[in-house]
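**Student:** based on what follows, work out the 3D shape:
(chains A and B)
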2 protein chains.
Amino acid sequence: MSEQLSFLQIAERCNCVGNINALLESNEYYKFIVNEQLVGLISAKDIPALKLALNRHPVLVIDDTSQQVQFHDSYNNSCSSRTAGLKDLLAFMREQKSWPSLAKWRDELYPVYGDAKEPNGISLYMERAASYNFGIRTFAVHVNGIVKNAEGVHMWVAKRSMRKETYPGMLDHIAAGGIGNGMGVLESMLKECDEEAGIPLEIAQQAKCTGTIQYFMQSDLGLQPETEFVYDLELPPDFVPFPKDGEVESFSLWTLEEVVLHLKNNEFKPNCAIFIIDFLIRHGFITPENESDFLRIIDNFHRPLPFPAV
Amino acid sequence: MSEQLSFLQIAERCNCVGNINALLESNEYYKFIVNEQLVGLISAKDIPALKLALNRHPVLVIDDTSQQVQFHDSYNNSCSSRTAGLKDLLAFMREQKSWPSLAKWRDELYPVYGDAKEPNGISLYMERAASYNFGIRTFAVHVNGIVKNAEGVHMWVAKRSMRKETYPGMLDHIAAGGIGNGMGVLESMLKECDEEAGIPLEIAQQAKCTGTIQYFMQSDLGLQPETEFVYDLELPPDFVPFPKDGEVESFSLWTLEEVVLHLKNNEFKPNCAIFIIDFLIRHGFITPENESDFLRIIDNFHRPLPFPAV
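**Tutor:** A predicted model of the protein is given here:
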């Protein structure tokens, strides 16, 4: 049996960028600036391939002295011009295999905020597969699917398909996903409930947004400063989730004790793990009395992020 | 009728120190350093009176060049020696009326963390009345006293006695208070429930700690970087709170709509107001859909604090 992790170790594995300012000041990253606002960080390692592609599609301008990447003036006047320019550039880079990440093209557009003149303050939309390279702040929904019965609280846990592009085979929430393509928060939650777990609309609508989790992750994929909206959904005892979109291999209904065992065994997708710890705190299963790291754990749930949001 | 505040304005009035780093770098504050750790900030305005008192009780050493205040070596070897030295100094300063705040002497000792060699990591204990002057990180409990019935969720709201030393006559939680005198978190919550609202132990024990709120406040009193443990307590519909310690003038049971009205009317004690907004979010009354400042509000609930905790 592998080593059991503490709740604090699990939280720190997700929110693993200890010092955001050090990252901002590091010359290992170029600042991605749109409309005079810092909206992301691009690894210096990704810059040479980006430069090559810009020779053909001069959508962005790179300044090596200040280590800044900005839109070329001719693409910088609106959300739609930035979005269209970046789309052409990234499509070309995908073709050229400029960045390996682009092989996992999603056809899903993530918003980048920071332009008050545009609807909802959105500066541009960016193909999701490139989001880690640009280190933009991303947004998502996570649903804790709960069943309460005489024996206590149970949680539905999904096993991710081995075919998933990220974290194949790891444990996951009943439903979760990025907020893209201009969708709203509630709308995204309802969509994921339907697609990932076959939860009917009339049940999914009972879900309550209990707040957010915000962390700054750094992984092989790149940077991921993320804001996630947390939902608790109490499901009827006779409801059984089923994957409609093939993203889930199987579902299990576990007691919280079983969930904790798999959690500490490091079987959950890192960000799901942090949500489950948040759930266990909010519902009084982890307390200041039974967990000496109580405050340090919570410190990992709400990182102030240096990039704009809605 | 006075101007109605937005939830964001209310949150920012409590968590009103916008830039903690600016405070740390400002020459308006002296750094209070114990055991080589920064544990607080002392206003430069409070330094002259402190210096005068130190002539008689040389417990602390002030370095004007580095703007640092530390314990004198002869008091610096343990929690008990620091505590005893500071007690003598502050008692003398109270007598001498060195700092106006000391007139509100509480006879309650607040822990200052940061010494791993001591039990619970406590470097020293400090009289509560001086905590604002030293800008130490303080800890407290807050209880949301809830009644659920057919008409929905109600909250018990206290009106603070006009004789309270701070925020007289303002609205407050059913029970709340600082964690002092070496008490634990749960223990403090049970004590406040008893003393402030006459809640019997068997009911108070049902309260669930749902997490923490952490803010950095600056007011006429001084600096207040505070970590507060949040409890939700569902009370039986027939329970009526009564003040045992005279700190509360009266209690009212309000619908959440009524609570929001008084909240926006700025009638609540500032930190209570932030807890109620947290409650309204956690229970799905404030949502990403009905509140455009949703993320910005939450940003005020979990400030990373630059001083150590347990």
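**Student:** now do the buried residues in stretch A:243-261.
**Tutor:** Going by neighbour count (16 or more other CB atoms under 10 Å in any protein chain shown), the buried part of stretch A:243-261 is A:243, A:247-249, A:251, A:253-254, A:256, A:259-260. Quick note: C-beta positions are derived from backbone N, CA and C, even for glycine.
**Student:** nearest to B:Thr83 among the residues you listed?
**Tutor:** A:Val260 (38.8 Å; CB to CB).
**Student:** residues in contact with the strand or helix carrying the closest one: which ones?
**Tutor:** Using DSSP states H and E, A:Val260 falls within helix A:256-264. Applying CB atoms under 8 Å, 6 or more residues apart in numbering or on different chains, the contact partners of helix A:256-264 are A:4-7, A:10, A:152-155, A:157, A:171, A:254, A:268, A:273, A:276-277, A:280, A:285.
**Student:** how about stretch A:96-110?
**Tutor:** Residues contacting stretch A:96-110 (CB under 8 Å, 6+ apart): A:46, A:49-50, A:52-53, A:83, A:90, A:92-94, A:125-133, A:136, A:138-139, A:165-166, A:178-182, A:221-222.
**Student:** which among the residues you listed count as buried?
**Tutor:** Buried by 16+ other CB under 10 Å: A:46, A:49-50, A:53, A:83, A:90, A:92-94, A:125-133, A:136, A:138-139, A:178-180, A:222, out of those.
**Student:** thinking again about what came up before, from the buried residues of stretch A:243-261, which land in strands?
**Tutor:** In strands, judged by DSSP state E, the following of the buried residues of stretch A:243-261 are found: A:248-249, A:251, A:253-254.
**Student:** report the mean confidence score over the helix holding A:Val260.
**Tutor:** For helix A:256-264, mean pLDDT rounds to 97.
**Student:** for chain A, which segments count as strands?
**Tutor:** In chain A, the segments counted as strands under DSSP E are A:29-34, A:37-43, A:60-63, A:68-71, A:109-113, A:122-127, A:138-149, A:152-160, A:171-172, A:175-178, A:208-219, A:222-234, A:248-255.
**Student:** of all those strands, which one is nearest A:Asp293?
**Tutor:** That would be strand A:208-219 among the strands of chain A, by CB to CB, at 16.2 Å.
**Student:** packing partners for that closest one?
**Tutor:** Contacts defined by 3 or more CB pairs under 8 Å, 6 or more residues apart in numbering or on different chains; DSSP states H and E place strand A:208-219 against helix A:20-25, helix A:185-197, strand A:222-234, helix A:270-282, helix B:270-282, helix B:294-299.
**Student:** could I get the buried residue list for it?
**Tutor:** Result for strand A:208-219 [16+ other CB under 10 Å]: buried residues A:208-218.
**Student:** next one: A:Asp245, what pLDDT does it get?
**Tutor:** 79.
**Student:** now do the contacts for it.
**Tutor:** Per CB under 8 Å, 6+ apart, neighbours of A:Asp245: A:195-196.
**Student:** quick one, phi psi at it?
**Tutor:** Per-residue torsions, A:Asp245: phi -100, psi 10 (degrees, to the nearest 10).
**Student:** quick one: it from A:Glu196, how far?
**Tutor:** Going from A:Asp245 to A:Glu196 by CB to CB, to the nearest Å gives 6 Å.
**Student:** what residues does the stretch 51-200 of chain A put near chain B?
**Tutor:** Within the stretch 51-200 of chain A, the residues that sit near chain B (CB under 8 Å from any CB of the partner chain) are A:184-186.
**Student:** chain B: which of these is nearest?
**Tutor:** Nearest to chain B out of these is A:Val185 (CB to the nearest CB; 4.1 Å).
**Student:** would you agree the closest one is in contact with A:Ala207?
**Tutor:** No. Taking contacts as CB atoms under 8 Å, A:Val185 lies outside contact range of A:Ala207: 11.1 Å.
**Student:** between those two, who's got more neighbours?
**Tutor:** Neighbour count, other CB atoms under 10 Å in any protein chain shown: between A:Val185 and A:Ala207, A:Ala207 has more, with 24 against 20.
**Student:** pLDDT wise, what is A:Leu86 at?
**Tutor:** Predicted confidence (pLDDT) for A:Leu86: 98.
**Student:** re the thing from before, tilt between the helix holding A:Val260 and strand A:138-149?
**Tutor:** 150 degrees (axes from the mean of the first three to the mean of the last three CA atoms, to 10 degrees).
**Student:** centre of the chain to helix A:256-264, how far?
**Tutor:** 22 Å (CA atoms, centre = their mean, to the nearest Å).
**Student:** mind listing the residues bridging to A:Leu124?
**Tutor:** Taking DSSP bridges, one finds A:Val112 as the beta-bridge partners of A:Leu124.
**Student:** what sits against it?
**Tutor:** Taking CB under 8 Å, 6+ apart, we find A:Leu124 in contact with A:34, A:79, A:82-83, A:86, A:111-112.
**Student:** so which of the contacts of stretch A:96-110 are in helices?
**Tutor:** Mapping the contacts of stretch A:96-110 onto helices (DSSP state H) picks out A:49-50, A:52-53, A:83, A:90, A:92-94, A:131-133.
**Student:** from the residues you listed, which is closest to chain B?
**Tutor:** Comparing the ones in helices among the contacts of stretch A:96-110 against chain B with CB to the nearest CB places A:Ser131 closest, at 18.2 Å.
**Student:** restricting to C-alpha, output stretch A:5-19 in PDB.
**Tutor:** Extracted in PDB, the C-alpha atoms of stretch A:5-19 (Å, rounded to 0.1, in the frame of the first residue of the first chain):
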ATOM      1  CA  LEU A   5      -1.100  11.700   2.300                       C
ATOM      2  CA  SER A   6      -2.200  14.300   4.900                       C
ATOM      3  CA  PHE A   7      -5.000  16.700   4.000                       C
ATOM      4  CA  LEU A   8      -2.500  19.500   4.000                       C
ATOM      5  CA  GLN A   9      -0.200  17.600   1.600                       C
ATOM      6  CA  ILE A  10      -3.200  17.000  -0.700                       C
ATOM      7  CA  ALA A  11      -4.200  20.700  -0.600                       C
ATOM      8  CA  GLU A  12      -0.600  21.800  -1.300                       C
ATOM      9  CA  ARG A  13      -0.300  19.400  -4.300                       C
ATOM     10  CA  CYS A  14      -3.100  21.200  -6.000                       C
ATOM     11  CA  ASN A  15      -2.300  24.800  -4.900                       C
ATOM     12  CA  CYS A  16       1.400  24.100  -5.500                       C
ATOM     13  CA  VAL A  17       2.700  27.600  -6.500                       C
ATOM     14  CA  GLY A  18       4.000  28.700  -3.200                       C
ATOM     15  CA  ASN A  19       5.000  32.200  -4.100                       C
END
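**Student:** for B:Val61, which of the strands of chain A is the nearest?
**Tutor:** With respect to B:Val61, and counting by CB to CB, the nearest of these is strand A:208-219 at 38.8 Å.
**Student:** surely A:Ile297 and A:Leu8 touch.
**Tutor:** Yes. A:Ile297 is within contact range of A:Leu8, at 5.3 Å (criterion: CB under 8 Å).
**Student:** take the helices and strands packed on strand A:208-219 and write them to TSV, including distance to A:Pro304 and mean pLDDT.
**Tutor:** Formatted as TSV, the helices and strands packed on strand A:208-219 follow (distance: least, CB to CB, whole Å; pLDDT from 0 to 100):
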stretch	distance to A:Pro304	mean pLDDT
helix A:20-25	8	94
helix A:185-197	20	96
strand A:222-234	10	97
helix A:270-282	16	96
helix B:270-282	16	96
helix B:294-299	6	96
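**Student:** which among those is found nearest to A:Ala116?
**Tutor:** Short answer: helix B:294-299, nearest of the helices and strands packed on strand A:208-219 by CB to CB, at 13.9 Å.
**Student:** and the closest one, what does it pack against?
**Tutor:** Going by 3+ CB pairs under 8 Å, 6+ apart, helix B:294-299 lies up against strand A:208-219, helix B:7-14, helix B:270-282.
**Student:** touching chain A at all, the longest one?
**Tutor:** Yes. Applying CB under 8 Å from any CB, one finds helix B:270-282 in contact with chain A at B:278, B:281-282.
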